[in-house]
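Asks: Model the structure of this input:
(chains A and B)
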Number of protein chains: 2
Amino acid sequence: MTALSSPSPDAPPTPITFDDIVEAAERIRDAAVRTPVLASPAIDALVGAEVRFKCENFQRIGAFKFRGAYSAMTLLDDDQRHAGVLTYSSGNHAQAIARSAALLGLTAVIVMPEDAPRIKLEAARRILLDAAPGSEVITYDPATAVREELGAELERERGLTLIPPFDHPHVIAGQGTAAMELIEDEGPFDAIIGPVGGGGFISGSSIAAKAMLPGCEVFGVEPELGDDATRSFRTRTLQTVRNPRTIADGARTSSLGRYTFPLVLANVDDMMTVSDAEIARAMRLLIDTLKIMVEPTGAMATAGLIRLAHEAPDRVAGRRIGVLVSGGNFDLDKMDAILELARA
Amino acid sequence: MTALSSPSPDAPPTPITFDDIVEAAERIRDAAVRTPVLASPAIDALVGAEVRFKCENFQRIGAFKFRGAYSAMTLLDDDQRHAGVLTYSSGNHAQAIARSAALLGLTAVIVMPEDAPRIKLEAARRILLDAAPGSEVITYDPATAVREELGAELERERGLTLIPPFDHPHVIAGQGTAAMELIEDEGPFDAIIGPVGGGGFISGSSIAAKAMLPGCEVFGVEPELGDDATRSFRTRTLQTVRNPRTIADGARTSSLGRYTFPLVLANVDDMMTVSDAEIARAMRLLIDTLKIMVEPTGAMATAGLIRLAHEAPDRVAGRRIGVLVSGGNFDLDKMDAILELARA
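Replies: This is a model prediction of the structure:
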């Protein structure tokens, strides 16, 4: 694995355009779900706007991550397909890679920490049963091993191609297809609000939004406990966060990347943070009113919308707003903790 | 209120045809949600069939009941509109009537037992704030008052028109529009499975299914604890049940009605019952795999599908099956009890 240069605010290593998103949409068309867009008169009344929710919790594997993974894997050349792919992830990206490998008949190796939730280890292993021979979940002890070194060894030994969870042009192009569909189906919008972890989703979404709706604002929402992207956005210098303990497990990434940092600076109009209690309350609101199951990260953009409606009502009132619901993979046995937090 | 004759298995008091459903669909088009249809590869694999879920939990007020209520209220004549409507319900039909009255600018009076869940009383009262003056929720003490007598008094005094929750031709025609949409959007189907309480939903659905897909089977699912319709179906004589304690609160009705009993006998191919534990497990399955919030009654048809796949796999295997998810109005604070029951 070649050493990567430090993320710079100037420009992504290779440009990513709306055409890339249109092409990604073509490649994933038969495999991905064109997810429904939902609305709630109660939420509209609450925030004083006309809101449309793009429900990626209904995407394959329960999250938008399938779009990027499949989009990237359909661009592999014959040699790469033959050798297979590699990723590190303990979350939805792992399942997205596993499912894409199963659909495309490729081998996938997924590197996960041995203390990852058992339910996620098992889900990845189960899906990989349908992928090509050689597919496996490899666990490591995060106290003694560095996953990048382990990954580099696997890349070298087995000739695997790394598909990272967000900082990759084909992954970002794939993630942009959700906002593209939202705008095609329910546009125009005055603003689009999305969650920010490593920034792949908001980067792709912002490219689509700015190309399709030149006047449309794009807002990114982060957990207060993992506010690196917001600080990076404000200072225009890459900031990091270490092991944030937020309930939004999809946003525990340590920083934006070489592609996503410049794209966020170029395309995102504002960033905001929300507390875990606000995320829990938004999660409950979406369950109670939209009747959808969302994971904490999937409720972040809604939490941001509600905070914005309180703090800066003129940026919300009377506008048409698209909200990106990123995923719905939540262990129902842990709902008590969310309900308690929502009451805080 | 005129005394009703006892339900007879012979024929409904007036015929209800597919044309009535087509006309109801026209009347509700601008007010109702054309709800999404979802699928899950995991559920398909579990039952060995290709299953499509019509998600009426995304309907206005969170349940199919809006279709029937609005369908009936748009057929009132000028005098009836001027005087307003009346219903008895402690459940989704009350909210459906309230919301329809608000949309149509009518007065609605809803009679509810004073021990109805406070959340439901408040929801109905809140919606009625948007309806015409004179709208109100009237509570009664079920120990000392008979709601039919109270209702008859209100009908007489105020000239209100009763819109009952299921046993009414315009209500049944409205409920049939969900299956019609399902077949239009995702048909054909070999079988359609729906929940049965008073029988309005399955009656309307079966009229649509038999007209649009002559070979399509229709199955109804009831809770074991409230199995009156299944016994009525098998004996061809109306059976009743008293205050069944099932978690499926939408199916606690005491019996089929004058319209729904003959329609069930004529159009439904088979009836089955499921335990409360099976309902709870199906609820969890729908939340975990489809990422939708459903109420217990909304998971009944899925529970029936799973039981059928176990007991009579040849009636399921390799077939295309439409499942009606009736609603999603569930108090999340009571999820613990469902999860415990699901583990039983």
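
Asks: any idea how far the residue of chain A positioned farthest from its centre is from chain B?
Replies: The C-alpha centroid of chain A is most remote from residue A:157, which lies 29.7 Å away (C-alpha atoms, centre = their mean). Using C-beta to the nearest C-beta, to the nearest Å, residue A:157 is found at 33 Å from chain B. Placement of C-beta: from N, CA and C, glycine included.

Asks: per-residue pLDDT, the closest residue to chain B within the stretch 101-250 of chain A?
Replies: For the stretch 101-250 of chain A and chain B, the shortest gap (C-beta to the nearest C-beta) falls at residue A:126, measuring 9.6 Å. Looking at residue A:126, its pLDDT is 92.

Asks: element containing it, please.
Replies: Using DSSP states H and E, residue A:126 falls within helix A:118-128.

Asks: same check, this time on residue A:87
Replies: Assigned by DSSP H and E, residue A:87 belongs to strand A:85-88.

Asks: Each with direction, which strands does that strand pair with?
Replies: Strand A:85-88 sits in its sheet next to strand A:108-113 (parallel), strand A:161-162 (parallel), going by DSSP bridges.

Asks: for chain B, what are the nearby residues on the stretch 201-344 of chain A?
Replies: Within the stretch 201-344 of chain A, the residues that sit near chain B (C-beta under 8 Å from any C-beta of the partner chain) are A:284, A:287-288, A:290-294, A:328, A:332-333, A:335-336, A:339.

Asks: And for stretch A:142-161, what's in contact with it?
Replies: Stretch A:142-161 is contacted by residues A:1, A:76, A:79-80, A:83-86, A:88, A:107, A:109, A:111, A:113-115, A:134, A:138, A:140, A:162 when judged by C-beta atoms under 8 Å, 6 or more residues apart in numbering or on different chains.

Asks: Of these, select the buried ones using a PyMOL command.
Replies: Applying 16 or more other C-beta atoms under 10 Å in any protein chain shown to these leaves a buried subset, and the PyMOL line that selects it is:
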select buried, chain A and resi 76+83+84+85+86+88+107+109+111+140+162
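
Asks: what about the stretch 1-150 of chain A, any weak spots by pLDDT?
Replies: A:1-6 (pLDDT under 70).

Asks: Within range of chain B, give me the residues from it.
Replies: A:36, A:38, A:57, A:58, A:60, A:62.

Asks: now with 10 Å?
Replies: A:33, A:35-42, A:55-63, A:99, A:126 (C-beta under 10 Å from any C-beta of the partner chain).

Asks: Of these, which belong to helices?
Replies: Per DSSP state H, helices hold the following members of the residues of the stretch 1-150 of chain A next to chain B: A:41, A:42, A:99, A:126.

Asks: Of those, which is the most crowded?
Replies: residue A:99 (25 neighbours; other C-beta atoms under 10 Å in any protein chain shown).

Asks: Please name the residues that touch that one.
Replies: A:31, A:60-61, A:65-66, A:69-70, A:108, A:123-124, A:127-128, A:130-131, B:41 (C-beta atoms under 10 Å, 6 or more residues apart in numbering or on different chains).

Asks: Report the separation between it and residue A:282.
Replies: 27 Å (C-beta to C-beta, to the nearest Å).
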